[in-house]
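Chemist: test case, fold it:
(chains A and B)
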Amino acid sequence: AQSVTQPDIHITVSEGASLELRCNYSYGATPYLFWYVQSPGQGLQLLLKYFSGDTLVQGIKGFEAEFKRSQSSFNLRKPSVHWSDAAEYFCAACPNAGNNRKLIWGLGTSLAVNP
Amino acid sequence: GAVVSQHPSWVICKSGTSVKIECRSLDFQATTMFWYRQFPKQSLMLMATSNEGSKATYEQGVEKDKFLINHASLTLSTLTVTSAHPEDSSFYICSAAPTGTGVNEQFFGPGTRLTVL
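Modeler: Okay, here's the model as predicted:
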């Protein structure tokens, strides 16, 4: 069955430290991959997406993600975390062909940032 | 571009009443819209896929008679929670997939927080 796994439920980092949030997918073929951020009480904001091509994807707010086919992973990274990055982060995937746009979601990783 | 709005942003209602939530794509057309439900500190749960001009497709376990979806135009889908009960209190989020642009992603509304007393 298709699935997206975010192994870390909660992560705490210090401000200025680097960050990596893990995401693994299980699909028949390489899906389209997304990372979203949700701040408390807010809607979802797309950080970045991978459709094809360069496996290192740059997003907004200084985030990047690397697609690794061999590991079925799409980990999100940021070299230096800011306090405002504290939020819930969701990885999601959808099929890369056809009209099915239905997203499969990870359970999310809650990020806390210590001053 | 690619803005999706939801109205209302929050609503409080009495148990037994019905509540309608609107989802609009403001600057693009969307044949397909999705309705999600999110409980506190949890991931999004897809409730149904709304297709313009046809019946919605509901996910397993979602009562179609309780959560009525209407997608009457290419820019508007509505979710009506009928005979709401306190357990229906949740954060409801819609998303819209642009039509005919080849853009394979969804754009999300800001969500509607429903509280049923």
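Chemist: ok, now which ones touch residue B:106?
Modeler: When the contact criterion is C-beta atoms under 8 Å, 6 or more residues apart in numbering or on different chains, the partners of residue B:106 are A:101, A:103, B:34, B:95, B:96, B:97. Heads up, the C-betas are built off the backbone N, CA and C, glycines and all.
Chemist: the helix or strand residue B:92 falls within: how far from the chain's middle?
Modeler: In the assignment (DSSP states H and E), residue B:92 maps to strand B:90-97. A distance of 5 Å separates the C-alpha centroid of strand B:90-97 from that of its chain, computed with C-alpha atoms, centre = their mean, to the nearest Å.
Chemist: and for stretch B:91-106?
Modeler: Stretch B:91-106 sits 12 Å away from the centroid of its parent chain (C-alpha atoms, centre = their mean).
Chemist: now swap in stretch A:55-62 and tell me
Modeler: The mean C-alpha position of stretch A:55-62 is separated from the chain mean by 10 Å, C-alpha atoms, centre = their mean.
Chemist: spatially nearest residue to the residue of chain B found nearest chain A (excluding sequence neighbours)?
Modeler: Ranking the residues of chain B by distance to chain A (C-beta to the nearest C-beta) places residue B:110 first, at 3.7 Å. Nearest-residue entry for residue B:110: residue A:43, 3.7 Å, with adjacent residues in sequence omitted and distances by C-beta to C-beta, 6 or more residues apart in numbering or on different chains.
Chemist: can you get me a residue count around the closest residue to chain B within chain A?
Modeler: Here chain A gets closest to chain B at one residue, residue A:43, 3.7 Å apart by C-beta to the nearest C-beta. Taking other C-beta atoms under 10 Å in any protein chain shown as the criterion, the count of residues near residue A:43 is 19.
Chemist: and it, what's its pLDDT?
Modeler: According to the model's per-residue confidence, residue A:43 sits at a pLDDT of 79.
Chemist: can you list phi and psi of it for me?
Modeler: Dihedral pair for residue A:43: phi -80, psi -180, per degrees, to the nearest 10.
Chemist: tell me which residues touch residue 38, please.
Modeler: Just going to use chain A. Taking C-beta under 8 Å, 6+ apart, we find residue A:38 in contact with A:44, A:45, A:87, A:88, A:89, A:90, A:108.
Chemist: wait, I meant chain B there
Modeler: Under the criterion of C-beta under 8 Å, 6+ apart, the neighbours of residue B:38 are B:44, B:45, B:90, B:91, B:92, B:93, B:111.
Chemist: give me the pLDDT value at it.
Modeler: What the model reports for residue B:38 is a pLDDT of 91.
Chemist: so the residue of chain B closest to chain A touches residue B:9, yeah?
Modeler: Yes. Counting by C-beta atoms under 8 Å, residue B:110 touches residue B:9, with 6.4 Å between them.
Chemist: of those two, which one has the most company?
Modeler: Each of residue B:110 and residue B:9 had its neighbours counted (other C-beta under 10 Å), and the higher figure belongs to residue B:110 (17 against 13).
Chemist: pull up the residues of chain B that are close to chain A.
Modeler: When proximity is defined as C-beta under 8 Å from any C-beta of the partner chain, chain B approaches chain A at B:32, B:34, B:41-44, B:46, B:49, B:93, B:97, B:104-106, B:108-111, B:113.
Chemist: what about residue B:35, how many residues nearby?
Modeler: Close neighbours of residue B:35, defined as other C-beta under 10 Å, add up to 26.
Chemist: got a list of what it touches?
Modeler: Counting by C-beta under 8 Å, 6+ apart, residue B:35 touches B:23, B:46, B:47, B:48, B:50, B:67, B:69, B:77, B:79, B:92, B:93, B:94.
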